[in-house]
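A.B. asks: sequence plus the predicted model coming up.
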Amino acid sequence: MQEGCYKEGSKSKTYSVTIKSTEHKDQANFQETDEFKELAKKRYKIEAKNSEIKNPHGYNTAKSAGLFGMKIQGATTIFAVNLKRILKLLNEKE
């Protein structure tokens with residue numbers, strides 16, 4: 001195995017072998033399935049919506065402290081995004 005691994009003139013002679021855990025092997029196998037490939041095709045839509053919620057609507061930082069405040073902020077942010085989407089769809093119909 002030393003062919004191509006060792007560099008001539010180096011001070012130490014080492015090589016590494018990657019050992020993957022069963023979780024990594026399972027994930028690698030899942031990424032080869034048709035189901036994963038179909039889900040990956042739809043992911044960009046979800047990420048675009050998450051980015052819209054986070055950046056222009058300010059969901060990336062908490063506006064108040066506490067769990068209740070975060071729930072209110074989340075509900076109003078999602079309501080605003082959904083309302084924008086509804087208005088856009090209504091304008092497209094006309």
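C.D. replies: Received it, and whenever you're ready, just let me know what you need.
A.B. asks: F36 and F30 touch, don't they?
C.D. replies: Yes. The criterion here is CB atoms under 8 Å, and F36 meets it with F30 at 5.5 Å. In this view, the C-beta of every residue, glycine as well, is placed from N, C-alpha and C.
A.B. asks: those two: which is more packed in?
C.D. replies: Between F36 and F30, counting by other CB atoms under 10 Å, F36 is the more crowded of the two (13 against 10).
A.B. asks: how about the helix or strand in which that one is found: buried residues?
C.D. replies: In the assignment (DSSP states H and E), F36 maps to helix 34-54. Residues of helix 34-54 classed as buried by neighbour count (16 or more other CB atoms under 10 Å): I53.
A.B. asks: following element in sequence after it, please.
C.D. replies: Where DSSP H and E defines the elements, the next helix or strand beyond helix 34-54 is helix 67-93.
A.B. asks: just for this structure, where's the confidence low?
C.D. replies: Applying pLDDT under 70 to the chain flags residues 1-7, 15.
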